[in-house]
Structures are given as C-alpha cells and as structure tokens.
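**Q** Let me see the structure of the following:
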Amino acid sequence: DLPSYSESQMARLDYGWSAVEAVQEGALKYIHLPKAELYDLDQDPRESRNLFESQKGTAARLHRLLEKIKDENKDPEAEASAVQEMDKETEEKLRGLGYMAGGGPSKPKAGGPDPKDVIHLLRVMHRAQDMTTKKKFVEAARLFQQVLQANPTNSAARNGLAQAQTQAGDIPGAEKTLRKLQQEDPGNPDGYLGLARLYLGHKGDSAAAAREVEAAMAVAPKNPEVWVMKGILESKTGKEAQAMDSLRKARELGSRSVPMYEALVGLYLKGDNVQEASEAVEEALRENADSEGPHFLAGLIWEKNGKLDRAAEAYEKALEIEEDHTGSLQNLGNVRFKQDRLPEAVELLLRAMKLEPKNPAILYDLGTVYLNAGELQGAVAALKRSLALRKGDPRTHDNLALAYSRLGSGEEAFSHYKTLSGLEAAAKSL
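**A** Predicted structure coming up:
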C-alpha cells in the first residue's frame, strides 16, 4: 500500500502549539511532534505504546518520508496565504503605521509546545469560556491569565482575556493585553481588530480605531471580519457609501457574522431601502437563528413597517436569548411607549439605562416617556443627563422646555426654548 500523510494545524493556529503531522506506511505510524511518536498499529491499534525510543532508525526513515511527501505536494497558493514570517511589504506597512518601532516584528515561534504537554490547558480554556458565557468576566480573566502563565504564546487565550477584561470594564487592561497580542503575533488580525472595537466602542476615538483597522488590513486583506470592522468604522464616521462597499466585500469573502448584518441593515434602513434590509435580516435569521442580533434586526424592520406587535415579538425573542441586550430593551421600551403602555416602557428603559448609564439616546427616550407619563421631575433628570452627553441636541432642548413649562419653571423653559430657536436658525442657515 502507498504511504498516507495527514496533518492538523488547529493546535498551531488556535493556541500556538506545535502542528501535528503523521505518516503511515503499512502498520507503522510516525507522528512528527516535539516529542515524536511511533506505533505499530497491528500490535497496538490504540496507539498506547510509543516505540520511538527503541526504533529511532525506523522513525528517522519515516520522518524523511513525511518530509518528502510534503515537498512533493506543496500548494504554492496555500503556502502564500499560510501564516508565515511576515513579508517585507507588510512589515513596512506596519512600521509606517507606528508599529514595530523597536526593531522589527517578533519572529514566529518555531514549533510551539507539544500538545501532549499542554492539553490540560484546554480544560482551563473551556472553563474560562464558560465563565464568559455566564458573564462572570473577572473569573474568566483569571482563568485566561492562568493559561497564559503556562503557555504565553496562546493567542486564543490572550484574545479571550482581552474580551473578558473589556466586559469587566478593565479597558486599560484590555488595551495592554491586545498590544501584547500584537507584539507576540503581529500577523494575527485579532489584536488590531480588538483594539479597533475598543477604541470605537469604549473610547469614541475613531481616528485610533481607523489606525488599527488599517494595520489589520495590512496583515489580513482577505479576512472578512477585517472588512466588517472597516465597514462599521466607515458607517460610524458618516462614510455610508464606503461602508456599504466594505460590508459587501465582507459578505463576498464569506462573512455571515451578526455585526456584519447589523451594520448592513442599519445602512439599508438609513437609506430607506427597506426591501434590501428585509432580505438581509432573513438571511441573518437563517445563518444566526440562535443569536439575539438577527431577532433585534427583525424588530427594526417590523417597527419600520408600523407592525408594532410583530416588532415587540421580535425584541422579546432577542431578550429570551440575551436578557441584557440593550438595543432590544430600548426599542421594546419605545414600542410599549407607542402602544401607550407607559409603565412597561419605563421599566424596560430603566433596565437599558442600568446597562448603559451614559447612553444619551436611552436617557432621552426615558425622559420622553416620563414626560408623557406626567413624571416631570424624572423627565427633567433624565433629559438633563442626556443633554450633558449630547450637547446641542434640539429634541432634548424641546422636551426640557416642555417639562419645565409644565412644572411652572418659566425661566428654565424660556432658556431651553431660546437655545432651541438658535439651533433651528443655525440649521436653516446651512
């Protein structure tokens, strides 16, 4: 029989461990690892007795056979796209963006640890991921740090640590962790994408986010999630046409991620392309039915079409999957407001505000519901907080003027009406 070759790159790509390569010739099976293995499958089909030490000559011959098979079956295209030492052009792009200032990229680690020696860390990884799912982010971070102490090159653990730190509110810690990931694995886009999300979502720094996206694009121009992040950033900075192109490119490259659909549907709805938005939502529901995101998007479509009961059902479904989904809480609160179910609206918006206390849109919505419910002091408090976070918003000034007027505070009401008139006059002059 002809010899057979097999390999698994998962341990290398996911955890920074050694890849597993094997060749079988007849009953003999050689596995190339830092601690190599040799088995006689006729005598030992369960591979429980490693013959490497007693048959090193046979192992050496099979190792040469393994390398020969690899050389004869190289795929130049796959070789070019594989994770290898960074090419000069990419290195120079990163250097031009301010990375690698200390004298070049870190070199890829040769081999990595033998999976046999670190497989126990998978159990810790799984526990950390479980803690993340249960929103026990501090405990998740501790477990990811435990993995990294034993296996510092584990990119998946470092990325998981950064996500746990972000969710726990440790933004400086997450930033430091992602910088470390960039240093250790400069060809991995996860470090750049993680920082882009952090800068955009938690610091509101679109310029810093753009720099990270550009770096991610330099190292992984065919990674669909890089294009997703590029599209999200462009959408957030008012570049709708470029954002649409980027998101379509992500889709073409195979992205079916919820953030891609969220950004795409948002752009369609902004342009009143309800039909295209509906089609994208249907696809999102097929691809990600167990995620809250597509149900939230379905709620947006139903609400846009004036089907409030169907919108409420969709938002409730999203909240069944993720009870702390802020967008669904906020939008369901607004639907209940439109249905004149004000106590429910207040309860939902208070839950949303507890999750995002500095979100001016949630505070505005809450203040508006309080205003219509006659809870004028609550309306003023929420609307003032909203205005402090979103200065110069004409709708907030309008509602504050109305709330103060109903409270009999004419001076404060006049002040907000005066500001509102100035804002409207300035808008007309543009």
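**Q** Report pLDDT for the spatially closest residue to residue 298 that is not a sequence neighbour.
**A** Nearest residue to residue 298, sequence neighbours excluded (Cβ to Cβ, 6 or more residues apart in numbering): residue 314, at 4.2 Å. Heads up, the C-betas are built off the backbone N, CA and C, glycines and all. pLDDT recorded at residue 314 is 98.
**Q** what's the answer for residue 417, then?
**A** So residue 417 comes in at 85 (pLDDT).
**Q** all numbers from here: first residue = 754
**A** Shifting the count to begin at 754 puts that one at residue 1170.
**Q** Tell me the spacing between the closest residue to it other than its chain neighbours and residue 763.
**A** Computed as Cβ to Cβ, 6+ apart, the closest residue to residue 1170 that is not its neighbour in sequence is residue 1154, at 4.6 Å. Look at residue 1154 and residue 763: by Cβ to Cβ, to the nearest Å, they are 61 Å apart.
**Q** what about the residue nearest to residue 780 when sequence neighbours are not counted, neighbour count?
**A** Distances taken as Cβ to Cβ, 6+ apart place residue 795 nearest to residue 780, at 4.1 Å, with adjacent residues excluded. Residue 795: 9 surrounding residues under other Cβ atoms under 10 Å.
**Q** Residue 795 contacts residue 781, doesn't it?
**A** No: in this structure residue 795 lies outside contact range of residue 781 using Cβ atoms under 8 Å: 9.0 Å.
**Q** centre of the chain versus stretch 1051-1068, how much separation?
**A** Centroid separation between stretch 1051-1068 and its chain, computed with Cα atoms, centre = their mean, to the nearest Å, is 26 Å.
**Q** should've said stretch 1091-1106
**A** On the basis of Cα atoms, centre = their mean, stretch 1091-1106 sits 29 Å off its chain's mean C-alpha point.
**Q** quick one on the thing from earlier: tell me which element the residue nearest to residue 1051 is part of?
**A** If you go by DSSP states H and E, residue 1067 is part of helix 1061-1074.
**Q** Check the gap between the spatially closest residue to residue 990 that is not a sequence neighbour and residue 950 for me.
**A** Nearest non-adjacent residue to residue 990, counting by Cβ to Cβ, 6+ apart: residue 959, 5.2 Å away. Distance from residue 959 to residue 950, counting by Cβ to Cβ: 12 Å.
**Q** How about residue 1038?
**A** Noted for residue 1038: a distance of 24 Å to residue 950, by Cβ to Cβ.
**Q** Can you pick out the residue with more neighbours from those two?
**A** residue 950 (22 against 17).
**Q** who's in contact with the more buried one?
**A** With contact set as Cβ atoms under 8 Å, 6 or more residues apart in numbering, residue 950 has these partners: 962, 982.
**Q** quick one: secondary structure of it?
**A** Classification of residue 950 using DSSP: H, G, I helix; E, B strand; the rest coil returns helix.
**Q** So which residues of this structure form strands?
**A** With strands called from DSSP state E, the chain shows them at 757-761, 773-778, 781-785, 790-793.
**Q** Okay, now the unreliable bits of this structure?
**A** Within the chain, the ranges that satisfy pLDDT under 70 run 828-864, 1176, 1178-1183.
**Q** Repeat the analysis, applying 80 as the threshold.
**A** Along the chain, segments meeting pLDDT under 80 span 754, 766-767, 827-864, 1176-1183.
**Q** Going by neighbour count, list what's buried in the longest helix belonging to it.
**A** Ranked by residue count, the top helix of the chain under DSSP state H comes out as helix 1163-1182. With burial defined by 16 or more other Cβ atoms under 10 Å, the residues of helix 1163-1182 counted as buried are 1165-1166, 1169-1170, 1172-1173.
**Q** Let me have those residues in TSV, adding distance to residue 907 as columns.
**A** TSV is the format used below for the buried residues of helix 1163-1182 (distance: Cβ to Cβ, whole Å):
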residue	distance to residue 907
1165	58
1166	60
1169	55
1170	60
1172	55
1173	56
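**Q** Now flag whichever of those is closest to residue 1086.
**A** residue 1169 (24.1 Å; Cβ to Cβ).
**Q** contacting residues for the closest one?
**A** Contacts of residue 1169 by Cβ under 8 Å, 6+ apart are 1150-1151, 1153-1154, 1157.
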